[in-house]
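Undergrad: missing the sequence, but the structure's below:
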């Protein structure tokens, strides 16, 4: 049965107050699957089922933010407060950020004091930082505890902690001293001291660090959770592997979109409105119209050569596109290598030399191809003009495509902004100039 | 101190047999950092340090495959067998696949019988499947055990298992019955039965499933490890979250490269040879040269109109590029949405309608921009020709850009092959034809 049909059956059952039947239907499903179905049910019906499910907070956490807000509107205040209380702390802070002031004012007084403070603290971190991503549900131990005391402490903390597979060892100032895995704990003898069995060289990130860097650290060191510390070295949260994976995936999507000349977009393509799609795309398109005027100006400068040799126009799109294509290949390779950290700024010079070699080979291959066509369609001189132009256009395209991401990076922009459309337009304009300049030297006016 | 300097210091220390000093230098580093440094040390020196490090197998596993093979060449046979014996089973099988026949023949007899069989079994799975990614180091329990027996069993299995945070419950035929987390175990009372506390609706994947789908499942359900079963339902391995994250990241890189018209590339950009770079890029470039001939043919068909109205050439790159740009934006959005699973085949029709609306708005905006420039540079008729052409070119570009990834997907190709260069060329050719056709209707020859 697909989600639409299930959502319909559920809606009917809820409307007729047959809740046992509705609960039965979603019982065997994983929380994220239930969430996907619930997203298709009217919020005024959905909340009635949700509040009756034992794993409601997990399901609610998987819902998209607009669905969460719509449901929050429907929930009675006390029921909502209970649900929010059960949510993981990072999801709870995110929800708080989505709610409008009225909804916040209604919700906060119904929560316990400690939870209110935790929400305010987490929600205050700037979006895109480790602080905004982290959870405050982690398990801590003292270095002076022994293993059996530690296991007892974990048993108490377990229902609340996002992951107890790693417990963090802190002192009175919450300074992070080390980490001990649950695996180490169950292998150790009960009377060993935590301070003796903990690993003291802990990988951690600062609370103000960029989320993408946090995700890279989690991936590089294969961590289940990464501890987050503040400037004083005190533990303030953890980022779990699944949240890091989401960040990495969103980041890859962003870079992919940018490289295609689409501004960063929030949400799933299916759900995005026409007006957002329009606004995310129109900037680049209009910008490039004006960029392409340079190509036009180049053409008008060489109008006489063109008028005398109309065959040049035949090859214009081909030559110009080739430079743009070669350039966007180079840019594609660089942008992704910079994003994954495979290449860093100081590699630029050595890569440039290699790129020039590759461009020379590519240019030569394409020059051969085009000069044959040129000879068939025109004559030997046209063929020579085309071959020479192709070599120059491809090489310049590659160098531009390779360098622009570095330059953008150096200037503090995201290298992914060196999008295919931008590179194409820059290379096109230089291609037109090179082609017609070479042609004007060899052909009669 | 950077890696190059550290690698130099290490090399000197090893050469002069000052191993304690060398070991001290890498002691505090994480295994992956040690691996990155070791990759810069000559293999004939590197192996001498590696075999003296207690966490040698972890470090070795982090090395790139070519470095692993070079080191394997240097290692004495017994030392190598010991190292291989300590490696995680999935890394071990990968190494076996990289080695040549001579190296395999030298290595295998030095290993225990069970390990030889495990290597052969894992190495036999086709690349790109769950089987080739999975590890056979997982912990299993019987449903009839009680919690204290289970914990005792895990203590015995722990040093070998990739993750003991989830133990899989199997019957005599190794059929997967359920999963129990270490968290549940330490919270349960010692005499409870595993069969009573296990979760029996387990998310699992088939051993022949595509790695990308496996990675998507791990991400969707936020798993630390995903059990892999064969066709009979028997547990044969697990895929851990970190391996899944690597697959997702490689996949994003592949799609990114394809969208830029670069064939899939193995390895890091810094390390790839010029000849591989050339071969990965030349196909698309030459292919597109011939593709662009269609634009040329279109132009030669309308040569008379062009000769009589040279101002048309001025706007040619601009108009033609705009269609390509709009088209590659659409393709970018679709390719990534198909890759992440946000959009599926049956969404095509509803998305097409919305895309047409967006294209209409984009086309209208750009038509206004270009008609102003056309009026300045030419006259009212030119301005009208340009505005009309721009509308048509952008709309057709968008529809092509949106549909091509779906068509490729339907035909069994990777939609990411709908690269920016391909879309650009297809849209260019149709753009030239539309533009000159409209011009020939309005302008005198």
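TA: Perfect, thanks for sending it. Just so we're clear, the structure is a prediction, and the values are computed from it rather than from any experiment.
Undergrad: alpha carbons only for contacts and neighbour counts from here, please
TA: OK.
Undergrad: tell me which residues of the lowest-mean-pLDDT helix or strand in chain A are tucked away?
TA: Counting by mean pLDDT, DSSP states H and E, chain A has its least confident helix or strand at helix A:274-301, which shows a mean of 79. For helix A:274-301, a neighbour-count test (16 or more other C-alpha atoms under 10 Å in any protein chain shown) marks A:274, A:277-278, A:280-282, A:284-286, A:288-300 as buried.
Undergrad: domains in chain A, by residue range?
TA: A:3-124, A:133-249, A:269-442 (automatic domain parsing).
Undergrad: distance to chain B added to those domains, as a markdown table?
TA: Below are those laid out as a markdown table (distance: least, C-alpha to the nearest C-alpha, whole Å):
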| stretch | distance to chain B |
| --- | --- |
| domain A:3-124 | 7 |
| domain A:133-249 | 5 |
| domain A:269-442 | 4 |
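Undergrad: for the ones you listed, give me TSV that also has distance to residue A:256.
TA: Converted to TSV, the domains of chain A look like this (distance: least, C-alpha to C-alpha, whole Å):
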stretch	distance to residue A:256
domain A:3-124	22
domain A:133-249	11
domain A:269-442	8
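Undergrad: worst mean pLDDT among those?
TA: Mean pLDDT values for these show the minimum at domain A:269-442, a mean of 83.
Undergrad: picking that back up, helices or strands up against the least confident helix or strand of chain A?
TA: helix A:420-442, helix B:311-340, helix B:348-377 (3 or more C-alpha pairs under 8 Å, 6 or more residues apart in numbering or on different chains; DSSP states H and E).
Undergrad: show me the one of those helices that comes nearest residue B:76.
TA: Nearest to residue B:76, of all the helices and strands packed on helix A:274-301, is helix B:311-340, at 45.3 Å by C-alpha to C-alpha.
Undergrad: briefly note if the closest one comes near chain A.
TA: Yes: in terms of C-alpha under 8 Å from any C-alpha of the partner chain, part of helix B:311-340 sits within range of chain A, namely B:311, B:313-318, B:321-322, B:325-326, B:328-329, B:332-333, B:336-337.
Undergrad: how about that helix: buried residues?
TA: Of the residues in helix B:311-340, B:311-340 count as buried by neighbour count, 16+ other C-alpha under 10 Å.
Undergrad: repeat that for stretch A:192-200.
TA: Residues A:193, A:194, A:195, A:197, A:198 are the ones in stretch A:192-200 that count as buried (16+ other C-alpha under 10 Å).
Undergrad: thought the fourth one was touching residue A:179?
TA: If I follow you right, that is residue A:197. No: the pair residue A:197 / residue A:179 is not scored as a contact, 9.1 Å apart, by C-alpha atoms under 8 Å.
Undergrad: which neighbours do these two share?
TA: Common contacts of residue A:197 and residue A:179 (C-alpha atoms under 8 Å, 6 or more residues apart in numbering or on different chains): none found.
Undergrad: thinking again about what came up before, quick one: work out the angle between the least confident helix or strand of chain A and helix A:420-442.
TA: Helix A:274-301 and helix A:420-442 are oriented at 10 degrees to each other (axes from the mean of the first three to the mean of the last three C-alpha atoms, to 10 degrees).
Undergrad: got the angle for helix A:274-301 vs helix B:311-340?
TA: Going by the same axes, to 10 degrees, helix A:274-301 makes 140 degrees with helix B:311-340.
Undergrad: list the contacts for residue A:183?
TA: Per C-alpha under 8 Å, 6+ apart, neighbours of residue A:183: A:165, B:158, B:164, B:165.
Undergrad: now name the helix or strand holding it.
TA: Using DSSP states H and E, the element containing residue A:183 is helix A:182-187.
Undergrad: what helices and strands are in contact with the very next helix or strand once past that helix?
TA: Moving toward the C-terminus from helix A:182-187, the next helix or strand (DSSP H and E) is helix A:194-197. Helices and strands touching helix A:194-197, by 3+ C-alpha pairs under 8 Å, 6+ apart: there are none.
Undergrad: what does helix A:194-197 contact?
TA: Contacts for helix A:194-197 (C-alpha under 8 Å, 6+ apart): A:141, A:142, A:143, A:144, A:145, A:146, A:147, A:150, A:169, A:180, A:184.
Undergrad: 7 Å - rerun?
TA: A:143, A:144, A:145, A:146, A:147 (C-alpha atoms under 7 Å, 6 or more residues apart in numbering or on different chains).
Undergrad: of these, keep whichever come out buried.
TA: Buried residues within those, counting neighbours by 16+ other C-alpha under 10 Å: A:143, A:145, A:146, A:147.
Undergrad: that's a helix at residue A:227, yeah?
TA: No: read with DSSP: H, G, I helix; E, B strand; the rest coil, residue A:227 is strand and lies in no helix.
Undergrad: was I right to think it contacts residue A:237?
TA: Yes: using C-alpha atoms under 7 Å, residue A:227 is in contact with residue A:237, at 6.0 Å.
Undergrad: what helix or strand is residue A:176 on?
TA: Assigned by DSSP H and E, residue A:176 belongs to strand A:176-181.
Undergrad: any idea how far that strand is from the chain center?
TA: Computed by C-alpha atoms, centre = their mean, to the nearest Å, the separation of strand A:176-181 from the middle of its chain amounts to 30 Å.
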